[in-house]
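Asker: model this:
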Amino acid sequence: MSWLNKIFPINISNRKVSEDLWIKCISCASILYKEDLKLNLYVCPKCSFHMKISVIDRINSILEKNNRLEIANHISSIDILKFTNTNRYTDTNRYTDLLKESIIKTGNTEALIVMSGLISNIPIVLACFDFNFIYGSIGSAVGERFRLGVEYAISNFMPFICIISSSGARIEEGVISLMQMVKIAAILTKLSEAKLPYISILSNPTIGEVTANFAFLGDIIIAEPKALIEFKRSKTVSQISKEKISNEFQNSEFFLQKGIIDMIIDRRDIKSKLISLLSLLLKYN
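Answerer: Presented below is the predicted three-dimensional model:
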């Protein structure tokens with residue numbers, strides 16, 4: 001072993017790494033400088049593993065910085081059912097406290113941010129889920145924000161794009177959360193009738209009720225590499241079917257092979273792909 005290896009050991013996997021400056025890739029275990037990783041949209045430069053990315057960084061990767069308008073940000077959740085049995089991450093198990101903690105944790109008031117803006121001078125409405133806000137779950141406020149975003153797109157003749165990272169319906173709102181699926185499907189029908197494109201982008205994870213609804217209602221469905229996409233957990237499916245389920249059973253590559261999604265695009269290339277698709281779709285609209 002050379003004297004350099006003694007001073008700078010190659011294997012540092014067991015050492016604690018400062019989260020302020022460095023991030024360890026959970027796929028290849030490479031130690032990556034956080035600022036460089038941010039510029040690379042949190043895609044590992046060594047193995048191309050797609051890490052979690054904040055909703056703001058996600059929006060910044062798509063929309064130009066000028067001429068942005070946030071839509072329906074005044075809509076927020078209320079505890080209609082007075083729910084007191086949530087086991088998410090509160091000490092009190094109250095839904096109201098869960099909402100407060102999520103707002104403090106994320107700096108956002110809901111699990112969905114809807115914003116109009118430009119992508120290469122093409123006006124669009126972009127909806128983006130924040131998985132850090134109660135796991136991107138869908139309650140009454142998320143459903144209403146989605147509806148108002150699509151209505152804005154229709155009124156201003158804009159394409160609608162949704163980047164999805166969600167755990168499905170928000171259990172703390174009961175059947176009200178399930179009704180949002182009906183609302184979203186109905187407003188997307190109006191978008192289609194207006195002959196405006198809806199592009200859905202599935203990121204990791206896209207699970208639960210969204211997979212039976214608007215995730216797969218896109219005119220074009222894009223997914224990031226290796227994204228987990230499932231309605232039910234593989235373990236549950238295996239128990240019901242009594243069959244061993246492959247690890248690749250419910251990822252984006254599986255869905256592409258079965259023809260359920262249209263393409264898998266690296267996060268760093270999504271903006272350029274959207275520009276190409278929108279230019280083509282709007283040309284013949």
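Asker: rest of the way, CA atoms for contacts and neighbours
Answerer: Noted.
Asker: From the centroid of the chain, which residue is nearest?
Answerer: Nearest residue to the geometric centre of the chain (Cα atoms, centre = their mean): S165, 2.6 Å.
Asker: Surely that one is within a strand?
Answerer: Yes: S165 sits within a strand when classified using DSSP: H, G, I helix; E, B strand; the rest coil.
Asker: Surely it and V210 touch.
Answerer: No: counting by Cα atoms under 8 Å, S165 does not reach V210; the two are 9.4 Å apart.
Asker: Which strands or helices does the helix or strand encompassing L148 pack on?
Answerer: Using DSSP states H and E, L148 sits within helix 140-155. For helix 140-155, the packing partners by 3 or more Cα pairs under 8 Å, 6 or more residues apart in numbering; DSSP states H and E come out as strand 69-71, strand 112-119, strand 122-129, helix 175-193.
Asker: And the residue lying closest to A227 once chain neighbours are set aside, how far from I26?
Answerer: Excluding the flanking residues, the one nearest A227 by Cα to Cα, 6 or more residues apart in numbering is N204, at 4.3 Å. For N204, the distance to I26 equals 14 Å [Cα to Cα, to the nearest Å].
Asker: ok, these two, which is more surrounded?
Answerer: N204 (21 against 12; other Cα atoms under 10 Å).
Asker: wait, what's in contact with the more buried one?
Answerer: Residues in contact with N204 (Cα atoms under 8 Å, 6 or more residues apart in numbering) are 52, 165, 224, 226-229.
Asker: hmm, try it at 10 Å
Answerer: With contacts defined as Cα atoms under 10 Å, 6 or more residues apart in numbering, N204 is in contact with 50-52, 131, 164-166, 223-229, 251-252.
Asker: Helix, strand, or coil at Y135?
Answerer: Quick answer, by three-state DSSP: Y135 is helix.
Asker: burial count for the closest residue to Y33 other than its chain neighbours?
Answerer: For Y33, ignoring the flanking residues on the chain, the nearest one in space by Cα to Cα, 6+ apart is W22 at 4.6 Å. W22: 15 surrounding residues under other Cα under 10 Å.
Asker: cool, and the one 3 residues further on?
Answerer: Residues within reach of C25, counting by other Cα under 10 Å, total 20.
Asker: one step back: any idea how far I31 is from the residue nearest to the centre of the chain?
Answerer: Following Cα to Cα, the distance that separates S165 from I31 is 25 Å.
Asker: Now do the domain split for the protein, please.
Answerer: Domain assignment for the chain by automatic domain parsing gives 18-51, 55-283.
Asker: Common neighbours of S165 and V210, please.
Answerer: By Cα under 10 Å, 6+ apart, the residues touching both S165 and V210 are 137, 229.
Asker: does I261 really touch L202, like I thought?
Answerer: Yes: using Cα atoms under 10 Å, I261 is in contact with L202, at 9.4 Å.
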